[in-house]
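*Asks:* need a structure here:
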Amino acid sequence: MNNIGFLEIITLIALVVYIYFFLKEFNRGKYLGRLILQVPRDFNIRASIFFWSLLGCFWIFLLISKLVNLSMYADMNPIRSLMIPAVSILMCLYNILERINDKEIREKGIKIIEGGIVYWKDIADYRWIKDEKLEIVLQLNLRSGLTKEVTKIWTINPEDKEKVDMIFHRYLNIEK
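*Replies:* Alright, predicted model coming up:
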């Protein structure tokens with residue numbers, strides 16, 4: 001630990017940040033409210049989970065190979081040789097967890113990957129495109145003071161359509 005440089009400091013900061021993200025994701029019920037409905041995952045989410053799983057397996061293999069051959073890396077800083085794969089594994093696990101918890105309808109809003117939580121006050125409208133396609137119009141406030149309209153399309157199970165209508169009527173106060 002005699003040579004702690006810029007890379008080691010960045011790695012330690014990333015480790016602390018990912019631990020914070022994990023704690024926030026596991027305790028999301030406290031600030032997002034209870035889960036009302038989990039929308040089924042589409043192909044893109046499942047493919048993304050598969051990608052992050054493969055990438056995580058690569059980093060796990062790399063970490064195990066470094067641990068098995070630890071004597072070869074004895075002269076290297078342990079933060080540099082072991083922490084980078086460990087932080088990368090945490091990053092992969094966090095991304096998998098975030099995608100598993102995507103498209104949740106909760107008491108305080110909906111959860112999406114791109115924006116985290118979208119509160120009910122930020123949802124401008126919704127409509128059914130086809131029998132199972134729900135189009136949600138979000139009115140996002142940017143930090144510059146401008147607003148941006150974003151449209152998300154979710155595929156809903158047919159048996160959940162009435163429940164989703166009831167939830168959106170309750171929280172949005174929109175007459176449909």
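*Asks:* Tell me the gap between stretch 98-107 and the middle of its chain.
*Replies:* 8 Å (Cα atoms, centre = their mean, to the nearest Å).
*Asks:* How about stretch 125-134?
*Replies:* Worked out by Cα atoms, centre = their mean, stretch 125-134 lies 24 Å from the chain centre.
*Asks:* Now tell me what touches that stretch from outside.
*Replies:* Defining contact as Cβ atoms under 8 Å, 6 or more residues apart in numbering, one finds that stretch 125-134 is touched by 135-137, 153-158, 161, 164, 168, 172, 174, 176. Backbone N, C-alpha and C define where each C-beta goes, glycine included.
*Asks:* try stretch 14-23
*Replies:* Against stretch 14-23 from outside (Cβ under 8 Å, 6+ apart): Met83, Ala86, Val87, Leu90, Met91, Leu93, Tyr94, Leu97.
*Asks:* what's the answer for stretch 147-159, then?
*Replies:* So stretch 147-159 is contacted by 39-40, 42, 103, 112, 115, 124, 129, 131-142, 164 (Cβ under 8 Å, 6+ apart).
*Asks:* So which bits of that stretch are buried?
*Replies:* Neighbour-count burial for stretch 147-159 flags Lys152, Trp154, Ile156 (criterion: 16 or more other Cβ atoms under 10 Å).
*Asks:* would TSV of those residues with pLDDT be doable?
*Replies:* Below are these laid out as TSV (pLDDT from 0 to 100):
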residue	pLDDT
Lys152	86
Trp154	87
Ile156	88
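*Asks:* Out of those, list just those in strands.
*Replies:* Counting by DSSP state E, the buried residues of stretch 147-159 place Lys152, Trp154 in strands.
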